[in-house]
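Undergrad: fold the following.
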Amino acid sequence: MYIIIDCGSTNTRLYLVDQEKVKDKYEVAIGVNSTVSNGNNQQLKLTLTEAIKSLLNQNKLSLHDVDFAIASGMITSNLGLLEVPHLIAPVNINDFAQHTCEVEGNKVLPIDLPIIFIPGVKNDIGEATWDNIRKIDLMRGEETQAIGVISSMSLTLPATIVELGSTTKLIHINKEGAIAGSITSLSGQVYAAVRKETFINSSMIDSDSNTQDFYSTDILKYAYECVSKAGLLRSLLFTRFIQFSLSTTAAERKFYCESTIAADDMKLFDEAEEQGFSLTGDIIFIGNSKRCKIYQGMLKETKAIKNNIISITNPEEIAMLGIKGACYIAKNYTHEHCI
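TA: Numbers count the residues shown, from 1 in each chain. The predicted model follows:
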């Protein structure tokens, strides 16, 4: 029996696992952002320690009943509990099992429980220079989700995983089934900032309009054309302009705004091909169902992609990918202490 720790920027999820099956989970509203705001990771350490104890207590277990915890995500960064060096792509799923970082109890948390840290992955670009900054990319946490995909699904390789969250991240899986690299944009956070911090949001709100399920191929194409010719920032502003210039609903304007973000992200696929990432196999979209549909439609309309497309949009299924990845590593890891 062991505990999976999935630590992000603002939230951390803990899963109690027995025989590769989740028995219980516990979530706390803290992540590595607390290290930034506090100037140290003490609050993160204390909260995670209490969360582990709470998870065990609610299952009437003690520390002696679990063998270890296994952690991934930003918890392995300089803002987390222990900075673990990235592995350099390409990395196959068994490489992760051989390069985990095991820490004895009481070393990073004030609790007698060994913790296994899963390293992230960065692109192999050689020496970083201003000339090659477009090739720089890295991940922490997404690799574990990718391992869950690779280890549990039968894919046509090479494949591309498209993770749509606070960032958009393309992860290339080469024909050998290894993580060969990634390309990331800040699209999710940009959209959130537009909604929260700009007046554009007022053009997307209407209590009489259902904005959630609206979809329009025509608006999708117009959004792509606007971004291609006028750029993303000006195209975002059109969300406001069309409210007073065209007969439109809030649903149409919201869809247009979302489509401009997706249109700009189409450059990621161009970058992927330029960097040698083949787009000939399966494409797996992971994220919000509406956002996945917009990106898939944008790809088909603008890139003429006819690949087999797989969508994973159920939140529980998405969470299970990371769990499956961590379970795979937990089952195969080699005991190697790093501190």
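Undergrad: who touches the host helix or strand of residue 144?
TA: Taking DSSP states H and E as the criterion, residue 144 maps to helix 142-152. The contact list for helix 142-152, computed with CB atoms under 8 Å, 6 or more residues apart in numbering, reads 6, 72-73, 91, 93, 96, 118-121, 155, 161, 163, 169, 171, 173, 177, 179, 182, 284, 286, 318, 320-326, 328-329. For glycine as for every other residue, the C-beta is placed from the backbone atoms N, C-alpha and C.
Undergrad: confidence score at the nearest residue to residue 84 once chain neighbours are set aside?
TA: Closest residue to residue 84 apart from its sequence neighbours, by CB to CB, 6 or more residues apart in numbering: residue 76 at 4.3 Å. With respect to pLDDT, residue 76 scores 94.
Undergrad: which ones are touching residue 76?
TA: Counted by CB under 8 Å, 6+ apart, residue 76 has contacts 82, 83, 84, 101, 117, 118, 119, 120, 140.
Undergrad: buried ones only from those residues, please, as a PyMOL command.
TA: Command for PyMOL that selects the buried part of the contacts of residue 76, burial taken from 16 or more other CB atoms under 10 Å:
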select buried, resi 82+84+101+117+118+119+120+140
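Undergrad: which one of the contacts of residue 76 is nearest residue 297?
TA: residue 140 (30.1 Å; CB to CB).
Undergrad: can you tell me how far the closest one sits from residue 284?
TA: Remark: distance between residue 140 and residue 284 (CB to CB, to the nearest Å) = 20 Å.
Undergrad: and for residue 141?
TA: The gap separating residue 141 from residue 284 is 17 Å, by CB to CB.
Undergrad: would you mark the buried spots in the top helix by length along the chain?
TA: Determined from DSSP state H, the single longest helix within the chain is helix 250-274. By neighbour count with 16+ other CB under 10 Å, helix 250-274 contains the buried residues 250-266, 268-269, 271-272.
Undergrad: over to stretch 112-131?
TA: 113, 114, 115, 116, 117, 118, 119, 120, 121, 122, 123, 125.
Undergrad: which two in those residues are spaced the farthest apart?
TA: 113 and 125 (36.8 Å).
Undergrad: the strands in this protein, which residues?
TA: Taking DSSP state E to define them, one finds strands in the chain at 2-7, 12-18, 21-28, 68-73, 87-88, 101-103, 115-117, 121-122, 138-139, 159-164, 168-173, 179-185, 283-287, 309-312.
Undergrad: report the mean confidence score over the second one.
TA: For strand 12-18, mean pLDDT rounds to 96.
Undergrad: show me what that strand pairs with in its sheet, parallel or antiparallel.
TA: Partners of strand 12-18 in the sheet, by DSSP bridges, are strand 2-7 (antiparallel), strand 21-28 (antiparallel).
Undergrad: what residues does the closest residue to residue 179 other than its chain neighbours make contact with?
TA: Leaving aside its sequence neighbours, residue 179 sits nearest to residue 91 (CB to CB, 6+ apart; 5.0 Å). Going by CB under 8 Å, 6+ apart, residue 91 touches 121, 143, 178, 179.
Undergrad: verify the contact between the third one and residue 92 for me.
TA: Yes: under the criterion of CB atoms under 8 Å, residue 178 makes contact with residue 92 at 4.0 Å.
Undergrad: more neighbours: those two, which one.
TA: Using other CB atoms under 10 Å as the criterion, residue 178 and residue 92 rank with residue 178 on top: 20 against 17.
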